[in-house]
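1. build me a structure from this.
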Amino acid sequence: MPGVIPNQQLETMIAKGEISANPAVDSAQIQPASLDLRLGNIAYRVRASFLTGHGAKVADRLEEFEMHRVDLTKGAVLEKGAVYVVPLMEHLALPDNVSAVANAKSSTGRLDLLTRTITDGGTEFDRVAAGYHGPLYAEICPRSFSVLVRPGMRLNQIRFGTGNAALSDDALRALHADTPLVDGPAVIDDGLGFSVDLKLAGTTLVGYRAKPHTGVIDLDRIGHYDPSEYWEEVHTTNGQIILDPGAFYILVSREAVTIPPEYAAEMAPYLAMVGEFRVHYAGFFDPGFGHDAAGGAGSRGVLEVRCHEAPFVLEHGQVVGRLVYERMTEAPTQLYGAGIASNYQGQGLKLSKHFKAPKSA
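-> Alright, predicted model coming up:
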């Protein structure tokens, strides 16, 4: 049966050499429905983002686009606005019926740190063809903040699966009727729609906007940085804000979301573009996110929003994205938030784990 491969089957793939790494895969990388990927020792500063293309290798394209190399072994800064390609520690030798999708981890997305996976012969970002044998690379473009990185850091993650495991709208309605997926009416149209909350209870604070000129963020420092040095608070009393072109915002969904144990989900745009803004989506929701039994009742989806060419009025309750639910091949033995280091279970409006709790929170 088509499905997303859970943690216990990932362990089998590692044992069989279908997923390998140097150094070897650490058990801490294995999530309920995905595997964290680790940065290698070198970053290649390139002139521009690129896709490898049929029949080509990333290493060959780097010779064409490389400007200089950055040694990461003692820590190095990736500059805001620059594009880097970093070989990852992991290597794949997938069976012919197994493909993969990659995405930025939650903390990466909340820093506006564009991170995409590329492969030899790849014609799409973050997509790994069934049966792929070869290395993995991360393309990294810091968009709001310069960041300090080291080898072994985990900025993106990869999810493996067989066939098309996405639920149809009818199947999603049936699942919602059996196990409510949101804490209100379900808007189901090519996935489960979710909207923005600009009327948070007991406060006028509805989000954060990245400041344009800030210091470097060391990605190893957790709960370290003062949010006021990197973010401006966004307040409203009428459930309406105006997005500024080029600005990056952290907002929150109005709906509390549940991912039952036998399912995973991926955040996707509601439309390719809604109005003049785009929801930047970190992507994966693991089995157990928002699930009562895993301690996640009331978990909201955090929205990473960037405005485009013109100022745009965003209003409370506006649908801005959708969750595409997928079946697991079997329920994972480990759920998100249940005894593992899950930073965002039970979350509301929340910055990445690198920041101290805001004083007004």
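
2. for A28, helix, strand, or coil?
-> Per DSSP: H, G, I helix; E, B strand; the rest coil, the secondary structure class of A28 is helix.

3. quote the end-to-end distance of stretch 191-208.
-> 27 Å (CA to CA, to the nearest Å).

4. then stretch 19-38?
-> 13 Å.

5. again, but for stretch 71-79
-> End-to-end span of stretch 71-79 (CA to CA): 14 Å.

6. run through who's touching it.
-> Residues outside stretch 71-79 that contact it (CB atoms under 8 Å, 6 or more residues apart in numbering): 39-43, 70, 84, 86, 140, 142, 146-151, 216, 218. Every residue, glycine included, has its C-beta placed from N, CA and C.

7. ok, which stretches of this protein are helices?
-> Assigned by DSSP state H, the chain shows helices spanning 7-15, 58-65, 106-110, 169-178.

8. the ones you listed: which one's closest to L94?
-> helix 7-15 (8.4 Å; CB to CB).

9. how about that closest one: buried residues?
-> Neighbour counts over helix 7-15 (16 or more other CB atoms under 10 Å) mark N7, Q9, L10, M13, I14 as buried.

10. that one - what's its average pLDDT?
-> When pLDDT is averaged over helix 7-15, the result is 97.

11. what do you get for stretch 25-42?
-> Computed over stretch 25-42, the mean pLDDT rounds to 96.

12. what's the end-to-end length of it?
-> Stretch 25-42 end-to-end distance (CA to CA) = 19 Å.

13. for it, the distance to its chain's centre please.
-> 14 Å (CA atoms, centre = their mean, to the nearest Å).

14. go on, stretch 39-51?
-> Its chain's C-alpha centre and that of stretch 39-51 lie 19 Å apart, by CA atoms, centre = their mean.

15. can you give me the buried ones in that stretch?
-> Applying 16+ other CB under 10 Å to stretch 39-51 flags L39, G40, I42, A43, Y44, R45, V46, F50, L51 as buried.

16. report the helix or strand with the lowest average pLDDT across the chain.
-> Every helix and strand in the chain was compared by mean pLDDT, DSSP states H and E; the lowest is strand 277-280, with a mean of 71.

17. how much space between A177 and M67?
-> Computed as CB to CB, to the nearest Å, the A177 to M67 distance reads 55 Å.

18. I meant G239, not that one.
-> According to CB to CB, G239 stands 46 Å off from M67.

19. which one of those two has more residues nearby?
-> Neighbour count, other CB atoms under 10 Å: between G239 and M67, G239 has more, with 16 against 11.

20. so that one is in contact with E315, correct?
-> Yes - counting by CB atoms under 8 Å, G239 sits close enough to E315 to count as a contact (6.3 Å).

21. so what sits against both of those two?
-> Here G239 and E315 have L198 as joint contacts, going by CB under 8 Å, 6+ apart.

22. in contact with F65, which residues?
-> Here F65 is in contact with V46, R47, A48, F50 (CB under 8 Å, 6+ apart).

23. give me the pLDDT value at Y344.
-> 42.

24. ok, the one 4 residues further on next?
-> The confidence metric pLDDT takes the value 75 at G348.

25. distance of it from V98?
-> Computed as CB to CB, the G348 to V98 distance reads 36 Å.

26. who has more neighbours, the two?
-> For G348 versus V98, neighbours defined as other CB under 10 Å are more numerous around V98 (19 against 16).

27. for that one, give me its contacts.
-> I5, M13, E18, A130, G131, F160, G161, T162.

28. and the last one, what are its bridge partners?
-> In this structure, T162 bridges to G3 when assessed by DSSP bridges.

29. am I right that it is in contact with L94?
-> No - if you go by CB under 8 Å, T162 and L94 don't touch, sitting 10.3 Å apart.

30. compare these two (neighbour count), which wins?
-> Of the pair T162 and L94, L94 is the one with more neighbours under other CB under 10 Å, namely 19 against 16.

31. for the spatially closest residue to that one that is not a sequence neighbour, grab the count of nearby residues.
-> Nearest residue to L94 in three dimensions, chain neighbours excluded: Y132, at 5.1 Å (CB to CB, 6 or more residues apart in numbering). Applying other CB under 10 Å, we find 20 residues neighbouring Y132.

32. measure Y132 to Y336 for me?
-> Y132 sits 26 Å away from Y336, going by CB to CB.

33. so what touches stretch 184-195?
-> Residues contacting stretch 184-195 (CB under 8 Å, 6+ apart): 169, 172-173, 176, 180-182, 253-255, 257, 265, 268, 270, 301, 317-325.

34. what mean pLDDT does that stretch get?
-> Averaged across stretch 184-195, the pLDDT comes to 89.

35. do stretch 78-94 as well
-> The average pLDDT within stretch 78-94 is 98.

36. tell me which residues of that stretch are tucked away?
-> So for stretch 78-94, counting by 16+ other CB under 10 Å, buried means 78, 80, 82-92, 94.
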